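In: give me a model of this one.
(3 chains)
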Amino acid sequence: MGRYLGKRFIVCMLAVVVSVFINFALVRLAPGDPISIMAGIDNPNPEMIQVLTEKYGLDKPILVQFGVYLKNVMKGDFGFSYRNNLPVTQLVGQRIVPTLLLSLTSLILAVLLGGSMGLRAARKKDSIFDKFFSNLSYMLDAMPSFWFALMLMLLFATALGWLPTAGMVDVRAGYTGLRQVLDVIVHMILPVSCITILTAPSYYRIMRSSALQVMNEDFVTLYRATGMSEKEIFRKYILKNAILPVVTMLGMGLAYSLAGVALVEIVFAWPGMGRLLLDSINKRDYAVLSGIYLMLSMTIAIMTVLLDAVYAWLDPRIRLT
Amino acid sequence: MAVLKIQNLNVRYVMKERQVLACDDVNLEIEEQDSIGIVGESGSGKSTLAMSILGLLPKSTTQTDGEISFQGLNLVGLSEAEYAKIRWKELSAVFQKSMNSMSPVHKISRQISDIYRIHVPKATDSECREMALALLSKVNLPPRVYDLYPHQLSGGMIQRVSIALCLMFNPALIILDEATTALDVVTESQILREIVRLQETEKVTRMMITHNMAVVSSSCRKVAVMYAGRIMESGRTADILKRPKHPYTKGLMSSFPSFTGDRQSLRGIPGSLPDLSVSMPGCVFAPRCPHACEKCRSQRPELLETDPGWKVACFFPEEGGVS
Amino acid sequence: MILRAIKRQRAQSAITRIFGISPLRMGLIFFILILFTSICAPLLAPYDPKALTGDILASPGSTHLLGTDSYGRDLLSRVIFGTRTSLIIGFLAAGISGVVGIVIGAVSGFFGGKVDQILTFVINIFDMTPVFFLILIVIALFGGSIINVVIVIGLTTWTANARLMRAETVSLKDRVFVHAAETVGEGKWRILLHHVIPNGIYPLIVNTTANISAAILLEASLSFIGLGDANIISWGKIVFDGRSQLSSGWWVSTFGGIAIVITAWTFFLIGDGLNRFLTPKLQQMGK
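Out: Next up, the predicted model:
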């Protein structure tokens, strides 16, 4: 198992290097000169030009520049935002907790919801439950995340007034302690529901097809012959066998779901990375954009390796070779 | 006393466009502690027969009528709840070894315990372990198998585990459906010897489903030959193998090379299985039978007893050796 | 017992008719409607989509069926003209993605060896990148004109196509007709172009419909963040515009988004239907 993970790790690290390279290349290929792009301002003053030239070795040959850039990234320097006068890592650091709060919660809920319903649909294949939710899953895929978020907000916050429209906390109330936690949770309901409902369908589909395949395996016949209840067969044996592709799917869906989270955050004015993204785009603060891109690349790479490790651990056929 | 008595069993697979009659008026009896082999080529209905006894046919697409009397209880139409009471306790099975004949992600210990707890729900972990180790030693498996995963065992070992599993509750009848088919010849004979030995010690009644006559000849006292869903001939193995009466059985026997006797060219049976979705008047083997005549094609031969315990479904059963 | 089985089958097919009537047919009907709308947009739209009628934020009514936005522009007309943008972007982007995917996948599968290893590696690495953010950066740097958007989306969504094409190529290259062509002396590239790709393209057709939906959704997302083409009417932009007037003018964002949903769903339906249609055919072809 060690060797298998080792190989995966190398591939992931290479992916990061490629991302760095893409970033590097884009800045130099884009219209406009690299310095203004990196400064994020249209007319950087001479001092700034000097600082940037030194930092990124812009007067040196291309390969050296790339080397410098790569070295910086490996050291953890993802760029400096001159507009905000902070290193990108710090900017992101300020916003990352709210984003993680949303994305992790939604991810867990989506997997649980989609997975359990997919399992049920497989068990009751071709029933109304199955057909209805399978069709629904396609329809949900067609929905833009930001529009769905707006609709949810329109219905539950604006029209019905049941839930707050924006933000993470009620700024005016200024709660503390337990009340603050409850306040955050209330504010989380709409964005989390939005993300969960939109990401659950893919887990539903993959669990369903995976479970259907497992149901045809010979050991299921064996357990039916022993008199084991269908419930137990599904809960213990089919679930654990069917869950492996879902883990793989988690890895592949990561890159995609991050985009959805960012958009939903923007709609709900959630103080997370989505907001930072929007601001940076509006101000053309390229350093932040590229910094976020690189950090995300690294995160995905690390998570992919982690998920591979989880998969290898779950499947004894891989773990014990 | 008959442990299993099958009477006029018909099993139909119902599909959108057509129906396939997989078992056609099957009559069979198995005495206590006896061993019977059901032999037939692919598509003969032998696996369907096994599945119908075990109650594992998909309810939505199959229809069964007739009677399967197991220890006095009619299994046809039995509710799942009633079936669950006898499953594994009175009636168990060993299936063909395949990639996933046991769950690949659960340990052997876990799977054995889970099956044990179906009927003994309050068993403690140590009780399960004790029982499992005793079972494993019954089939001559070392105790270390207990903590392994299925993929870490060889084919023969997996089948031994399966056999041990089926004996867990000392059932009255065990069905082995192609249990040795996927094994290499050496392992196959080892497993067959185990099975025969276990039958002596455990005093179970055994039904073996196979396409391989050699398996039957080496391990079953009785045999029933199936073709296209019907029983062609049934009786004692020793009798039938030496002097088969039904033309189909004869054809089967001559398909197998013999170590002794004159050198003969190998002969198969010309023709192929009939379409089971179309009902045929007359003997179902008639199209391929070298001796078929008008009567064979128009009337259906019943399974009749020619000698005590020896039944043949043919109008012209022949004595004598393989032709 | 026969009666029960037959009854069940009848009930199931009735439900199929209600719930999942030939998705392909439904999708095609919608598609034709959308296509018609985009072609005849000037004829169908009641107003000039860019015209500022005096009616600011009018709610849906008889004069403006879907209402107007904060500039007084008729929403229905804007939505109608938006179909053009979406279809162009969808088809062009999916087309580019398809071509890139086919080339990479076919070359990778056909030539095998080192070429295959390298290209598969590239595919795997590309799959791990946060594509959406990459697109953001490119658009932020190079500008959000419709050409840029189409090219960027096309160049970043090809991996699924490449994988499918590669799998098909690998299984096809051992088939008799390919060997026959080789024996006759046809060049490798010719074989690839004339034999392998046309025969292996079926799963890609299905995937391309999904790509069209994805492209439309992506463009909508880009417009929503403000990165789209400012001169073109796009549904994403409509939703973006309507965002600030959610409470006073809910119809703007709502109807803009509904158009997106219906269109994306249409292509999913077509893809799903094609999938079901092609699969038995593929089985017949002996795959």
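
In: gap between residue B:52 and chain C?
Out: 14 Å (C-beta to the nearest C-beta, to the nearest Å). (C-beta placed from N, C-alpha, C; glycine too.)

In: which residues does that residue contact?
Out: By C-beta atoms under 8 Å, 6 or more residues apart in numbering or on different chains, residue B:52 lies in contact with B:9, B:11, B:23, B:62, B:64, B:68, B:75, B:76.

In: mind checking which of those residues are buried?
Out: B:9, B:11, B:23, B:62, B:64, B:68, B:75, B:76 (16 or more other C-beta atoms under 10 Å in any protein chain shown).

In: save these as TSV, and put in distance to chain A and secondary structure too.
Out: Formatted as TSV, the buried ones among the contacts of residue B:52 follow (distance: C-beta to the nearest C-beta, whole Å; DSSP: H, G, I helix; E, B strand; the rest coil):
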residue	distance to chain A	secondary structure
B:9	19	strand
B:11	17	strand
B:23	18	strand
B:62	14	strand
B:64	17	strand
B:68	15	strand
B:75	13	coil
B:76	17	coil
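
In: which one among those residues gets closest to residue A:102?
Out: The closest of the buried ones among the contacts of residue B:52 to residue A:102 turns out to be residue B:62 (C-beta to C-beta; 50.3 Å).

In: find the nearest non-adjacent residue to that closest one, please.
Out: Leaving aside its chain neighbours, residue B:62 sits nearest to residue B:13 (5.6 Å; criterion: C-beta to C-beta, 6 or more residues apart in numbering or on different chains).

In: helix or strand: which one has the one you found?
Out: strand B:2-14 (DSSP states H and E).

In: parallel or antiparallel, which strands does that strand pair with?
Out: If you go by DSSP bridges, strand B:2-14 pairs up with strand B:19-31 (antiparallel), strand B:62-70 (antiparallel).

In: out of these, which is closest to residue C:162?
Out: Closest among these, using C-beta to C-beta: strand B:19-31, at 43.2 Å.

In: for the closest one, what is the average pLDDT?
Out: Across strand B:19-31, pLDDT averages out at 89.

In: and for stretch B:48-56?
Out: 92.

In: now the chain, which segments are flagged as low pLDDT?
Out: The chain I'm using is chain A. A:1, A:39-43, A:321 (pLDDT under 70).

In: oops, chain B please
Out: Short version for chain B, where the test is pLDDT under 70: B:257-267, B:319-323.

In: ok, the residue nearest to residue B:62 - contacts?
Out: Counting by C-beta under 8 Å, 6+ apart, residue B:13 has contacts B:19, B:20, B:22, B:61, B:62.

In: pretty sure the second one is touching residue B:276, no?
Out: Yes - applying C-beta atoms under 8 Å as the test, residue B:20 and residue B:276 come out as touching, 4.7 Å apart.

In: pull the strand holding residue B:13 out as PDB, backbone CA atoms only.
Out: Extracted in PDB, the C-alpha atoms of strand B:2-14 (Å, rounded to 0.1, in the frame of the first residue of the first chain):
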ATOM      1  CA  ALA B   2     -37.800 -38.800   2.200                       C
ATOM      2  CA  VAL B   3     -36.200 -35.500   3.200                       C
ATOM      3  CA  LEU B   4     -37.200 -33.800   0.000                       C
ATOM      4  CA  LYS B   5     -40.000 -34.800  -2.400                       C
ATOM      5  CA  ILE B   6     -40.500 -32.800  -5.500                       C
ATOM      6  CA  GLN B   7     -43.700 -33.300  -7.400                       C
ATOM      7  CA  ASN B   8     -44.800 -31.900 -10.700                       C
ATOM      8  CA  LEU B   9     -42.600 -28.900 -10.300                       C
ATOM      9  CA  ASN B  10     -42.900 -26.200 -13.100                       C
ATOM     10  CA  VAL B  11     -40.800 -23.100 -13.000                       C
ATOM     11  CA  ARG B  12     -41.400 -20.400 -15.500                       C
ATOM     12  CA  TYR B  13     -39.300 -17.200 -16.200                       C
ATOM     13  CA  VAL B  14     -41.800 -14.500 -17.200                       C
END
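
In: so how far is that strand off the chain centroid?
Out: Averaging C-alpha positions (C-alpha atoms, centre = their mean, to the nearest Å) puts strand B:2-14 13 Å from its chain's average.

In: do the same with stretch B:108-116
Out: Distance, stretch centre to chain centre, for stretch B:108-116: 25 Å (C-alpha atoms, centre = their mean).

In: which one (most neighbours) among the contacts of residue B:13?
Out: Within those, most neighbours by other C-beta atoms under 10 Å in any protein chain shown means residue B:22, with 25 neighbours.

In: so that one sits against residue B:228, correct?
Out: No - using C-beta under 8 Å, residue B:22 is not in contact with residue B:228; the gap is 9.2 Å.

In: shared neighbours, these two?
Out: In contact with both residue B:22 and residue B:228: B:45, B:276, using C-beta under 8 Å, 6+ apart.

In: residue numbers of chain B in contact with chain A?
Out: With the criterion set to C-beta under 8 Å from any C-beta of the partner chain, chain B comes near chain A through B:54, B:56, B:83-85, B:87-89, B:92-93, B:95-96, B:98-107, B:114-115, B:118-119, B:149, B:151-152, B:162, B:165.

In: repeat the analysis, applying 7 Å as the threshold.
Out: B:54, B:56, B:84, B:87-88, B:93, B:95, B:98, B:100-106, B:114-115, B:118, B:149, B:151-152 (C-beta under 7 Å from any C-beta of the partner chain).

In: just the buried residues from those residues, in ChimeraX please.
Out: This is the ChimeraX syntax for the buried subset of those, where burial follows 16+ other C-beta under 10 Å:
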select /B:54,84,87,88,93,95,100,101,102,103,104,105,106,114,115,118,149,151,152
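
In: so of the residues of chain B next to chain A, which ones are in helices?
Out: With helices taken from DSSP state H, the overlap with the residues of chain B next to chain A comprises B:54, B:84, B:114, B:115, B:118.

In: now stretch A:276-295, how far from the centre of its chain.
Out: How far stretch A:276-295 lies from its chain's middle: 17 Å, per C-alpha atoms, centre = their mean.

In: repeat that for stretch B:46-62.
Out: For stretch B:46-62, the distance to the chain centre is 12 Å (C-alpha atoms, centre = their mean).

In: what of stretch C:99-113?
Out: With C-alpha atoms, centre = their mean, you get 22 Å for stretch C:99-113.

In: so residue B:66 touches residue B:12, yeah?
Out: No - assessed by C-beta atoms under 7 Å, residue B:66 is found out of contact with residue B:12, at 11.0 Å.

In: neighbour count: those two, which is higher?
Out: Neighbour tally, residue B:66 and residue B:12, criterion other C-beta under 10 Å: the higher count belongs to residue B:12, 23 against 17.

In: nearest spatial neighbour of that one, chain-adjacent residues omitted?
Out: Closest to residue B:12 by C-beta to C-beta, 6+ apart is residue B:63, at 4.6 Å.

In: any idea how far chain A is from that neighbour?
Out: Residue B:63 is 19 Å from chain A, by C-beta to the nearest C-beta.

In: pretty sure that residue contacts residue B:14?
Out: Yes - applying C-beta under 7 Å, one finds residue B:63 in contact with residue B:14, separated by 6.0 Å.

In: how about the residues of the stretch 1-150 of chain C by chain A?
Out: Residues of the stretch 1-150 of chain C lying near chain A (C-beta under 7 Å from any C-beta): C:12, C:15, C:19-20, C:124-125, C:127-134, C:136-138, C:140-142.

In: among those residues, which ones are in strands?
Out: Judged by DSSP state E, strands contain none of these.

In: phi, psi for the residue in the stretch 201-321 of chain A that chain B sits nearest to please.
Out: Nearest residue of the stretch 201-321 of chain A to chain B (C-beta to the nearest C-beta) works out as residue A:227 at 3.2 Å. Main-chain torsions, residue A:227, degrees, to the nearest 10: phi 90, psi 10.
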